Structures are given as structure tokens and as C-alpha cells.
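3D, please:
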Amino acid sequence: MNVPGFSVVYSKFLERVTIDQCSKSMITNYSRSIAAITLHFNRVPHNVSVEEINGYLFRMTVQEKQSISYFKQAVFGLRHWFRLFGMEEKAIQMPSIKKRGRHTHKIAISNHRIKSIKEGHVCFSYKDYKEKGQQKTMQLEAIEFLRRFCLHILPSGFRKIRHYGILANRNKQEIRCLQEQFEVPQTLPGKQDWKSICRERINFDVEACPGCKKGRMQRLISFDANAPPLNFYNVLIKNKKMTINDFAKNSEAGM
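Sure thing, here's the model as predicted:
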């Protein structure tokens, strides 16, 4: 790049973001944004006014239809750049970016909602969205409170995303009305049992005979995880599931 002085200041910027343990992809995105701004103004960014930067960002997002990711990377990259060279005022004057974390990553309950903990009971406040968000209090036993809190802990490998806006829980009735107006069917598909899921997804029929591959397996008796009961074949004979001869033949075959 032929912009005077850029190579020197960029090397300092690269050292700083590396020390801050930014990821390689983040460093690449910041560097690309800084380089584009430098080439556009033919000056290093800290010699560009805030008004010029705002005009550049407006043109890139509105007129040239750049993505929101490009806008965020440019703003975050400029904030790093200005703070590196002691320009805190310019960093603060960069456009603010609204984050969706307050909608999508709320915790189960915040500390200010817990009103009291005494005598094995927890009293906390909540919003009743069925009554237009009216503030109410609830008191639970400590064990029940912990049980409900633990329901928000996801298994390993899962990520939680909350619905907000029109998909929020408080708008369910409104969504149903809109579905009726547009004649959208609201019937949910029937829940499949695990046997049907095995046949469709992994092409495995759990009821097929593993020997002949044609016959169907039938449940003769059920018992717990321990060994079969001592009167196993007596129960089968009593229930007329098989005769003594049938049981003997199956036993010889390795049943």
C-alpha cells in the first residue's frame, strides 16, 4: 500500500490485536476494513475525521449494500485502532451497535429478582405476560426453586436461543389469529414412535427377525434389567405363548 506511514502504524496495530489474543479471522476482518478505509481516503484512519468515517459507513451500508457484518467489523476495527493510538474520544464517537444478546441469551433469573431467601423458601418476582406484563411475586421451596433453575441447563453440545419480537410467547394469540386469517393449518403432525423413526432414518427394523430376516419379532415376556425370572418358561406356558416343545426347540437353537 502506497499510503504514507501506513506500514509503520499497521504493524503496531497488528502487534496489539495479536497481544489481545484476537482470533485469526477477527484480525483478518479488522485488517481488511482498516485497509479499505485507508485506500478510500488515502490517509491513515487516525487522520480521518469522525464525520468522514460516518459518511463512508453510510455509503457502504446504504448505497453499496454492504452486509451488517462488514459494518460491525469496520466499527470494531476502528475502535481498536483509535484506542491503540490514544484517541479515546474518536473511539467513543464511533456508531453504536445494538446487540441481540439481551433478547436471545437471558439467564434463568437475575439477582435483583430474588427478594428473600429464608426458612428454606425463595421469594422472587416475575412478569405475568398473560396479564400484560404485570409484576408479581412467587414463593417456592428451595428444592423446587433449584429444580426449576436446573431446567434451564442444557445438555453438553446444545445452545439456547430465545424467541423475541413477533415470535415471543406473549404474541402466541396474535400469531394464531394471523394464521386463521391466512388459512394456515395449525394441526401438528402426529408424534412418531421410536420404531418408526429407526425404520425411516437408519433403515433398521427393530421388529424384524435377525435370523430369517422375514419374520416378525413378538414380545413374549418383560422383566427388569436383572436376569429373567426363574419360572421364565412356566410363565410363557401359563400365558399360552408357547408349548414346552416349542420352548425346548428354541432353547436348542440358542434362544
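
quick one: contacts of the helix or strand hosting Val122?
Element membership for Val122 (DSSP states H and E) is strand 121-128. Residues from elsewhere that reach strand 121-128, judged by Cβ atoms under 8 Å, 6 or more residues apart in numbering: 109, 113-117, 133-142, 145. C-betas here are computed from N, CA, C, even on glycine.

Weed out the non-buried ones from these.
By neighbour count, with 16 or more other Cβ atoms under 10 Å, the contacts of strand 121-128 hold Ile109, Phe145 as buried.

Leaving out chain neighbours, which residue sits closest to Gln179?
Nearest non-adjacent residue to Gln179, counting by Cβ to Cβ, 6 or more residues apart in numbering: Gln186, 5.7 Å away.

SS state for the one you found?
Three-state assignment for Gln186 (DSSP: H, G, I helix; E, B strand; the rest coil): coil.

Count the neighbours of it for me.
Counted with other Cβ atoms under 10 Å, residues neighbouring Gln186 total 8.

Next one: it relative to Asn111, how far apart?
Separation of Gln186 from Asn111 (Cβ to Cβ, to the nearest Å) stands at 40 Å.

Okay, now the unreliable bits of the stretch 101-250 of the chain?
Per-residue confidence for the stretch 101-250 of the chain (pLDDT under 70) gives these ranges: 101-106, 162-164, 187-189, 221, 223-250.

any idea where the strands of it begin and end?
Assigned strands in the stretch 101-250 of the chain, in chain order: 114-118, 121-128, 134-141 (criterion: DSSP state E, counting those that start in this stretch).

out of these, nearest to Phe41?
Evaluated over those, closeness to Phe41 peaks at strand 121-128, with 49.0 Å, by Cβ to Cβ.

Neighbouring strands of the strand holding Val122 in the sheet, and parallel or not?
Applying DSSP bridges, strand 121-128 is found paired with strand 114-118 (antiparallel), strand 134-141 (antiparallel).

just so I know, which of the strands of the stretch 101-250 of the chain lies nearest Pro95?
strand 121-128 (31.9 Å).

and Ile68, how far is that from Val62?
12 Å.

okay, now Asn111: neighbour count?
Quick note: Asn111 (other Cβ under 10 Å) scores 7 neighbours.

any idea how far it lies from Glu141?
20 Å.

now Gly190
Using Cβ to Cβ, Gly190 is found at 38 Å from Glu141.

ok, Lys12 touching Trp81?
No. Here Lys12 does not reach Trp81: they are 9.7 Å apart, not a contact under Cβ atoms under 8 Å.

Compare the two and say which is more crowded by neighbours.
Trp81 (26 against 11).

Which helix or which strand is home to the more buried one?
Here Trp81 is assigned to helix 68-84, by DSSP H and E.

next one: Glu51
With DSSP H and E as the test, Glu51 turns up in helix 50-58.

Buried residues of that helix, list them for me.
Buried residues in helix 50-58 (16+ other Cβ under 10 Å): Val50, Ile53, Tyr56, Leu57.

Tell me how far the nearest residue to the first one once chain neighbours are set aside lies from Asn54.
Closest residue to Val50 apart from its sequence neighbours, by Cβ to Cβ, 6+ apart: Gln93 at 4.8 Å. If you measure Gln93 against Asn54 using Cβ to Cβ, the figure is 9 Å.
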